[in-house]
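Student: would you be able to build a 3D model of this:
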Amino acid sequence: MPEEQEKQKEQEEQKKPKATLIKHRNTQSLPSTEEKSRNDETKKVVVIKKKVVVVKKGLPKTGKKAPELQKEILKLKKAIAQQKKTGEKKPSLVRMKGRAPDRFRPAPPSDRSGSERTAPPRKFTSSPRDFSGKSGIPVISDSRRPGFKPLQGKSTQQRPADIKKSPGKKFFKTKRKSTYLRKSKQEYHEKLIPVKKKEIHRANPIPKEISIMEVITVSDLARKMNLKASELISKLMGMGMMATINQQIDAETATILADEYSCKVNIVSLYDETVIETEQDREEEMQARPPIITVMGHVDHGKTKFLDAIRSTNVVDTEFGGITQHIGAYVVELPQGKLVFLDTPGHEAFTTMRARGAQVTDIVVLVVAANDGVMPQTVEAVNHAKAAGVPIIVAINKIDLPEANSERIKQQLSEYDLVPEEWGGHTIYCEISALQKTGIDNLLENILIQSEMLELNANYNCRAEGHIIESKIDLGRGIVSTVLVQRGTLHVGDSYVAGIFPGKVRAMFNDMGDRIEESTPSMPVEILGFSGIPNAGDPFQVTDSEKSARQIGIKRQELKKREQSKNLKKITLDNLYEQIKEGELKELNVIIKGDVHGSVEALQNSLEKLSTSEIKLVTRHASAGTINENDVMLASASNAIIIGFNVRPNSSTQNLADQEKVEIRKYNIIYEAIEDIKSAMEGLLSPELKEQTLGVAEVRNIFRVPKIGTIAGCYITSGKIRRGAEVQLFRDGVGIYRGKISSLKRFKDDAREVETGFECGIGIENFNDIKVGDLIEAYEIIELTKKLEGGDGRDQAKES
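Tutor: Numbering: from 1, shown residues only. Model (predicted):
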C-alpha cells in the first residue's frame, strides 16, 4: 500500500505544471531570468520554464492550467484583430513580455535545422479574412504573396487547430526601410521643394518701413526687420564695423543697413517708440470743454496783472522782482462758462516755457504795452503761436498812460500778418488797462466768441491724457506736478506714466488748493504720487493697470539712457588732438537747484550760453528741490558752485558747505543770477597782456667801465625811464635786443627814474653791444581782463 500511494503521488506531480513559487524557493537556486517576489496580496509570481508569469491567487488544482492567462491572451488577440481593421500600428502578440504555457505554444519540428524553422505554407479553402477557431486570428494565405516558393522536402502542413495555437507567428506586414527608397532622389527633392517654399512663405517678410530712435541695438533692429542678428552683424563687418548683438548703433548706420533690404527708416522720439494705446473717440461721447487760453508777451507788459484783474487776485505782488518765472494755470468761472488761463514768463530766458504754453493752448492772448510797443519777446510769442497753429487775440495794455499809442502797435504787428479786423484782417484787437480794470469784459467776450467758433470738444469717458505744465519738490508733500488734462477724466488712484516715470495718483488739488477726487478735460490740477520729477512738457497718460505703467516707465528710462549715451564722446585717434585742446579749456562747474523744473531749465540754458572759446560753463547737476547734503558733496568733489534759485539750504547743509568750503549762491531773480555768474566767468578768463611804453632815450655816448660793462650815455626824448623797467634796443629802426635795465644813474648817483629832457647813464643787463645813435625804449607789461558781452560767445578785452 505505501508503495502504491507513493507512485500515485509521483504521477500527480508529473501531471502538475513545473512551476515553483518564488517566495517558497531558496534564493540561491533562482535562475538569472527570474524576478523577485512582488508584494502583491492578490497576485503571485510563478516561474514556468525559467519565464515569469503573473497569475492570481487561488489557482485551482485541476487539469486546466492558467485559465485566467488564457482569457488575457484571447482578449489581446481580439484587440489585435480590431487594430488590423482600423489600421493602427501596435506591438503584435509575439512581442509580449510573458510567454504562454506549452499548450498554447507549438514546439518547432525537431528534424529541422535552425535555419529551416520557418512557417510552412498554408493553403485553406476559407477566405483570407476568415477567423479560425476561437482565437480570432486572421489567416493569410502564403500563396497570395508575390514570388513565394514553398519549402522542398517533407510536407509540414499544419492543421487549423495547430495554427490556432501559434501565437509566436508574425501575422501582419511591417513597413520596411526599402519602401521609402523606391522613388528616385529627384522625386524626393521635388517633394521637399514645396515644403521649403511653404516655410519661406510662412516667415515674416521684411517690412517696407520701420521706426527707430537716434540709437538702437543690433538685436532690436534685427527684430524690427524680421531678420537674424547674425545677418546684420555680417553686414556691419562688411562695412568695416565690428559689432556685437547688444551693441548700439546710430540712426545713420541703421539707415544704411535698412537700405540694403529696401526698408525705409523713420526717426521717432522716445515717446513714439513706447506708444500707449489710446481709446478711440465716438461721436456720441464727445462733449464741450472749456477753452485753454495762454497769455503771452514781453516782460513787464502786464500779463500777470491782467490775470489778477480777471480773477480779482494779486499774484504779481507775490512774485520776486514783479516778474513771472514759471507757468501758472488758473480757472476763471464766468456766467457763460469756465475759462482756463496759462500765464507764461516774458523774460528772454524762458523761451522754452513760452513754446510749451503755445503747444497746449487753444487761444493765445498777446499782451502788448501801449507805451513800449512790439519787443523781441513779443515777436517770439507770435512765432510760437503761429507754429502751434492757434488763433491770436491782441490785448493792448496800459492805454491809460499818456504816451500810449495803439495805432503804432497795430502798424508794427501788421508786419507779422496780424492785421486788425477794422483794416480788413482777421485779428481781434482789444484795448485794456489791467491796472484800472477797463476793457476786461470786452476782451473776455471776444475770447468766448472765438472759443465757440473753434467748437472745442473732448471725450469725458476715456482714460485721461494731458501734459505736464510744471513740476517741483514740495516740502512735506514730495514731488508735485501741475498737469493739464486734455481728454478723459482723471481719478484718484489711476495709474499713469508721466514722461519716463510711472506713478499712481495719490491726491489731486485744483488751482485754488482744494482737494478734489476727479478732473475733467481742460482742467489744470496738482498731482501727488510721482516716482521721479518729470520734465515740463512731458506727456501724461493713464494706463489700464499699474503693471503696464511700470513696464512702460522702465522701457522709457532704458531708452533714455541709450539716447544719453549717444552723446558721450569717446577718444579716438581722429579726435585725440581735439580732446587735448578741450582739456586746456577753463571750466566753471555749477550745480543748479530751483523751486520748479521750468525755472531750472531756463536758468541752465541761459548760463550755458555764456561759454566762450576760452571758458566753458559745465552744469554738473540741475534739478528742482531744496539744496541738500548730496549737492554739497558733489560740489566739493567737482569743485563746483551751487546756485539756488528760489530755494535755500537748511542749517545742516549750510554747515557742511562751510566745512567743505563750497560756495552757495542764492537768487530770486533770474537776470541777477546770470549777471553774477557772468562776472565769475570773467574772473576765470586769462588776462590779456599788453606792452605800455614808458619812455624813449637816445644813446649819445658810450662808456666802458671795468667789471661792469658798457654804459650808454643817453638823453630822454619822451616819457620817463624807470629803473628795473623792460627795454628794447632799436638800431636803424629795427629791434635787436630785449632786456632789463640793470643800472640807472644821473651823474654818479643812482636814480629811481629820469624824466624827459634829462641826461642819464643806462646799463642793460647782459648786453654790451651798444652804439651811438641807438634808441632805448622802456616799457611795462599790463594785464587787461576780458569781458563777456551778452553771453553770445564773443569776448572783448577791456582794461580793468
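
Student: quickly list the domain ranges of this protein.
Tutor: Domain assignment for the chain by automatic domain parsing gives 16-65, 69-145+154-164, 185-268, 294-455, 465-566, 577-684, 688-785.

Student: what mean pLDDT does the third one get?
Tutor: Read that as domain 185-268. In this model, domain 185-268 carries a mean pLDDT of 77.

Student: helix or strand for residue 399, just tell me which one.
Tutor: Per DSSP states H and E, residue 399 falls between elements, in no helix or strand.

Student: how close does it sit to residue 371?
Tutor: Separation of residue 399 from residue 371 (Cβ to Cβ, to the nearest Å): 9 Å. Placement of C-beta: from N, CA and C, glycine included.

Student: what's the answer for residue 670, then?
Tutor: Separation of residue 670 from residue 371 (Cβ to Cβ): 24 Å.

Student: when the two are compared, which one has more neighbours?
Tutor: residue 670 (25 against 15; other Cβ atoms under 10 Å).

Student: need the pLDDT of the more buried one.
Tutor: Looking at residue 670, its pLDDT is 78.

Student: which phi and psi does it have?
Tutor: Geometry field for residue 670 lists phi and psi as phi -70, psi -40, criterion degrees, to the nearest 10.

Student: kindly report the same for residue 773.
Tutor: phi 100, psi -10.

Student: next, the residue nearest to it when sequence neighbours are not counted: secondary structure please.
Tutor: Distances taken as Cβ to Cβ, 6 or more residues apart in numbering place residue 699 nearest to residue 773, at 6.4 Å, with adjacent residues excluded. Assigned state for residue 699: strand (three-state reduction, DSSP: H, G, I helix; E, B strand; the rest coil).

Student: for residue 699, what are its contacts?
Tutor: If you count contacts by Cβ atoms under 8 Å, 6 or more residues apart in numbering, residue 699 has them with 712, 713, 714, 770, 771, 772, 773, 774, 775, 776.

Student: TSV for the residues you listed, including neighbour count, secondary structure and distance to residue 421?
Tutor: Below are the contacts of residue 699 laid out as TSV (neighbours: other Cβ atoms under 10 Å; DSSP: H, G, I helix; E, B strand; the rest coil; distance: Cβ to Cβ, whole Å):
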residue	neighbour count	secondary structure	distance to residue 421
712	23	strand	87
713	17	strand	90
714	24	strand	85
770	24	coil	88
771	11	coil	89
772	11	coil	90
773	11	coil	86
774	20	coil	84
775	18	strand	79
776	23	strand	80
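
Student: between which two of those is the distance greatest?
Tutor: Spatial extent of the contacts of residue 699 (Cβ to Cβ) is set by the pair 713 and 775 at 13.7 Å.

Student: and residue 550, what does it touch?
Tutor: Counting by Cβ under 8 Å, 6+ apart, residue 550 has contacts residue 502.

Student: so it: helix, strand or coil?
Tutor: helix.

Student: how much space separates it from residue 539?
Tutor: Residue 550 is 17 Å from residue 539, by Cβ to Cβ.

Student: what of residue 4?
Tutor: 113 Å.

Student: take the domains of the chain and lay them out in CSV including distance to residue 280.
Tutor: Shown next, in CSV, are these (distance: least, Cβ to Cβ, whole Å):
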stretch, distance to residue 280
domain 16-65, 69
domain 69-145+154-164, 54
domain 185-268, 21
domain 294-455, 19
domain 465-566, 11
domain 577-684, 33
domain 688-785, 65
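
Student: nearest to residue 282 among the ones you listed would be which one?
Tutor: Nearest of these to residue 282, taken as Cβ to Cβ: domain 465-566 at 12.6 Å.

Student: and the strands in the stretch 351-500 of the chain?
Tutor: Assigned by DSSP state E, counting those that start in this stretch, the strands in the stretch 351-500 of the chain fall at 363-369, 392-397, 428-431, 457-459, 465-474, 478-487, 490-491, 495-498.

Student: in CSV, could you pull the C-alpha coordinates for the last one?
Tutor: It refers to strand 495-498. What follows is strand 495-498 as a C-alpha-only set of coordinates in CSV (Å, rounded to 0.1, in the frame of the first residue of the first chain):
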residue,chain,number,x,y,z
SER,A,495,-2.0,104.5,-12.7
TYR,A,496,-0.2,106.7,-15.2
VAL,A,497,3.1,107.4,-17.0
ALA,A,498,4.4,110.9,-16.9
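
Student: quick one, whatever helix or strand comes next after that strand and strand 465-474 angle?
Tutor: Counting by DSSP H and E, the next helix or strand C-terminal to strand 495-498 is strand 501-509. Angle, strand 501-509 to strand 465-474, by axes from the mean of the first three to the mean of the last three Cα atoms, to 10 degrees: 80 degrees.

Student: residue 4 and residue 539: which has the busier surroundings?
Tutor: Between residue 4 and residue 539, residue 539 has the larger neighbour count (other Cβ under 10 Å), namely 15 against 8.

Student: show me the contacts for the more buried one.
Tutor: With Cβ under 8 Å, 6+ apart, residue 539 has these contacts: 271, 465, 466, 467, 468, 498, 499.

Student: let me know the closest of those residues to residue 225.
Tutor: The shortest approach to residue 225 among the contacts of residue 539 belongs to residue 271, at 22.3 Å (Cβ to Cβ).

Student: please, where are all the strands along the stretch 651-800 of the chain?
Tutor: Under DSSP E, counting those that start in this stretch, the stretch 651-800 of the chain gives strands at 664-667, 688-705, 709-719, 721-722, 726-731, 734-746, 749-750, 753-754, 759-764, 775-788, 795-798.

Student: could I get the CA-only coordinates of the fifth one as CSV?
Tutor: It stands for strand 726-731. Only the C-alpha atoms of strand 726-731 are listed here, as CSV (Å, rounded to 0.1, in the frame of the first residue of the first chain):
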residue,chain,number,x,y,z
GLU,A,726,61.9,146.3,-19.5
VAL,A,727,63.7,147.8,-22.5
GLN,A,728,64.0,147.2,-26.2
LEU,A,729,67.1,148.4,-28.2
PHE,A,730,66.4,149.7,-31.7
ARG,A,731,69.1,150.2,-34.3
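
Student: paired strands for that strand, with orientation please.
Tutor: Counting by DSSP bridges, the strands paired with strand 726-731 are strand 734-746 (antiparallel), strand 775-788 (antiparallel).

Student: relative to strand 759-764, how tilted is it?
Tutor: Here the directions of strand 726-731 and strand 759-764 differ by 100 degrees (the same axes, to 10 degrees).

Student: quick one: buried residues of strand 726-731?
Tutor: Neighbour-count burial for strand 726-731 flags 726, 727, 728, 729, 730 (criterion: 16 or more other Cβ atoms under 10 Å).

Student: what do you get for stretch 618-629?
Tutor: So for stretch 618-629, counting by 16+ other Cβ under 10 Å, buried means 619, 620, 621, 622, 624, 625, 626, 627.

Student: swap in stretch 384-404?
Tutor: In stretch 384-404, counting by 16+ other Cβ under 10 Å, buried: 384-385, 388, 390-399, 404.

Student: also stretch 649-663?
Tutor: Along stretch 649-663, these residues count as buried under the neighbour rule (16+ other Cβ under 10 Å): 649, 653, 656, 657, 662.

Student: what separates the second one from residue 626, distance-wise?
Tutor: Using Cβ to Cβ, we find residue 653 at a distance of 8 Å from residue 626.
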